[in-house]
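Trainee: Need a 3D model of the sequence below.
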Amino acid sequence: MTDTTFIIPKDSFDWIGRLFSRLRIEQWVLLLSTTLAIISTIYCYRHDWLITYGDAESHLNIAKRVVDSLTPGFAQLGGIWLPLPHILLVPFVYFDFLWRTGLAGSIVSGIAFIVSSLYLYKLGHLLTHSKAAAFFGTLVFMLNPNILYLQSTAMTELTLIVFFILSSYFFIRFLLDDTKLLMLIAAAGFAFCASLSRYDGWALVMMEAGVLFLYYLPFKFNPEWFRLQRERVSLFIASNKRTAAERWQRFEGRLLLFMTLAFFGIFLWLLWSYLILGDPLYFTHSQFSANSQQMGWLAKGELPAYHHPLVSLIYYSATSMEIAGTLIAAIAVIGLLAFGFDKKGRHRCSLSSCLWSPSSSMCSPSLLDSQSSSCLASHRTPSSGRSLTYATA
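Mentor: So this is what the prediction gives:
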């Protein structure tokens, strides 16, 4: 009997090292997010989870009616849910297999998940200048099981998230260098898309407009500023010490540039509701509106935060912590505080304000009070799954 020894050549696994060295971190993020999107979608498809949410099925059907119904056309988009997620679904629901299985929604949400992951990494690197910190933050997002499930469905959360991240990324790039007007235009364009994806996007538009106000209006009252004004030095020398008139002109011009595009989505939706349904605020009080649903819960005493923004914030924070995980939420809060108190950071207050957009939409009674309470009712009603969508958004 001959004794044989199996020997693996020393250089058999050199290709792994070469692969790691050739791919940049952005490419690894793309590869990993694509892999996770495909695996989670296959898993959910095999378990028949793609249209478990009733809303997911409704989104698919609305898009399908645009191309295949007794009266096809864009009027089928209705006046409750914002139209962009359904418009994105239209090319895919045209194929019956993708529509019936829910895979049409998986394609749209999956692409949004991949793009979100990439630009979340870019945003993290832009703020921290650390590839490790940015990659870790992106991993937290990509490996969250709630995100992985939602990106497999036709729900609208990932559509909002991708436009929120894109708009925030380009908006922050503009704040770091306000001579790059293309960054502001890009931020406004993606904010426009967010405002037509979910009503939470309206808070993003308003918050970014408010950040522009904070960015330009505060004066730099210090001895050097006054000395430069007294000496009337040229604008070239005093470019970083702008006078009040200069700051106002810059603010006015950039605010109008931003608002013209960013707020146009809200205007279009109000105009659509008026032309199609005869009421620009149809989505706030109609039979199928979120407000009507909340009134049913309110009658049962199941909306403890109704007209109480602080209580709403507490519920929203607790639900978000439950979705993200206590440890991750704690790390996020610590990181945000560290960023806010970092005196070396430029415009840290303005940059941090952009991150509060989702919370403001949930806690402001003036912006669709019904949404302020939706995640609260989930803790007190059988439909507990609703907390996932509202806290994630």
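
Trainee: Need the pLDDT of residue 175.
Mentor: With respect to pLDDT, residue 175 scores 89.

Trainee: my read: it touches residue 216, true?
Mentor: No. Using C-beta atoms under 8 Å, residue 175 is not in contact with residue 216, being 10.4 Å away. For every residue, glycine as well, the C-beta is placed using N, CA and C.

Trainee: measure residue 57 to residue 51 for me?
Mentor: Distance, residue 57 to residue 51, using C-beta to C-beta, to the nearest Å: 5 Å.

Trainee: quick one: which of the two has more around it?
Mentor: residue 51 (22 against 16; other C-beta atoms under 10 Å).

Trainee: Hmm, the more buried one is touching residue 100, no?
Mentor: No. Judged on C-beta under 8 Å, residue 51 makes no contact with residue 100 at a distance of 9.1 Å.

Trainee: pLDDT of the longest helix along the chain, averaged?
Mentor: Longest helix in the chain, counting residues (DSSP state H): helix 103-128. For helix 103-128, the mean per-residue pLDDT is 95.

Trainee: tell me the angle of the next helix or strand after that helix relative to helix 103-128?
Mentor: As assigned by DSSP states H and E, the chain's next helix or strand after helix 103-128 is helix 131-142. Interaxial angle of helix 131-142 relative to helix 103-128 (axes from the mean of the first three to the mean of the last three C-alpha atoms, to 10 degrees): 150 degrees.

Trainee: Please spell out which residues along stretch 152-163 are buried.
Mentor: Using 16 or more other C-beta atoms under 10 Å as the burial criterion, the residues of stretch 152-163 that qualify are 152, 153, 154, 155, 156, 157, 158, 159, 160, 161, 162, 163.

Trainee: and this structure, what are its domains?
Mentor: Domains of the chain are assigned by automatic domain parsing as 23-155, 179-230+240-279, 289-393.

Trainee: which of those domains sits most buried?
Mentor: Of the domains of the chain, the one with the most neighbours on average (mean count of other C-beta atoms under 10 Å) is domain 23-155, at a mean of 19.

Trainee: That one spans what distance, first to last residue?
Mentor: For domain 23-155, the first-to-last residue distance is 32 Å (C-alpha to C-alpha, to the nearest Å).

Trainee: picking up where we left off before, mind listing the shared neighbours of residue 57 and residue 51?
Mentor: Common contacts of residue 57 and residue 51 (C-beta atoms under 8 Å, 6 or more residues apart in numbering): 102, 154.

Trainee: Can you pull out the low-pLDDT segments for the stretch 201-350 of the chain?
Mentor: For the stretch 201-350 of the chain, the stretches with pLDDT under 70 are 218-245, 343-350.
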